[in-house]
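# Sharing a model that was predicted from the sequence below.
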Amino acid sequence: MQVRPLADRVVVKPLEAEELMKKGGIIIPDTAKEKPQQGEIMEIGTGRVTDDGKRIDLEVKKGDKVLYGKYSGTEVTRNGDELLIMRETDILAVVG
């Protein structure tokens, strides 16, 4: 099933956090790991419409790697993939 965001929203696939291991060999469980704050734009909306009816295109594009706030967006699961749907304003920076 395809997810098509509306207006100024984007669909982001969080990048997997690297496996963390302490020097003593203790593996940190998934529940104790921090949420990833970097992801890849999978889909973008058509852009925001201003009060006077003009459409403002999004600055990000499909395939961009982005940084976003720790608790940004709404989590959804589609076809086994965990995705985030968020507004473009929740994106802090484009990486690389």
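All right, it came through fine.
# Distance of the nearest residue to I41 once chain neighbours are set aside relative to E88?
Nearest residue to I41, sequence neighbours excluded (Cβ to Cβ, 6 or more residues apart in numbering): D64, at 4.7 Å. (Glycine included, C-beta is placed from N, CA and C.) Look at D64 and E88: by Cβ to Cβ, to the nearest Å, they are 11 Å apart.
# T74 now?
Using Cβ to Cβ, we find T74 at a distance of 14 Å from E88.
# Which one's more surrounded, those two?
A count of neighbours by other Cβ atoms under 10 Å puts E88 above the other of T74 and E88, at 20 against 9.
# what about the closest residue to the more buried one other than its chain neighbours, how many residues close to it?
Excluding the flanking residues, the one nearest E88 by Cβ to Cβ, 6+ apart is D8, at 4.8 Å. Residues within reach of D8, counting by other Cβ under 10 Å, total 20.
# Report the secondary structure state of the most centrally placed residue in the chain.
In the chain, the residue lying closest to the centroid (Cα atoms, centre = their mean) is V12, at 3.1 Å. What DSSP: H, G, I helix; E, B strand; the rest coil gives for V12 is strand.
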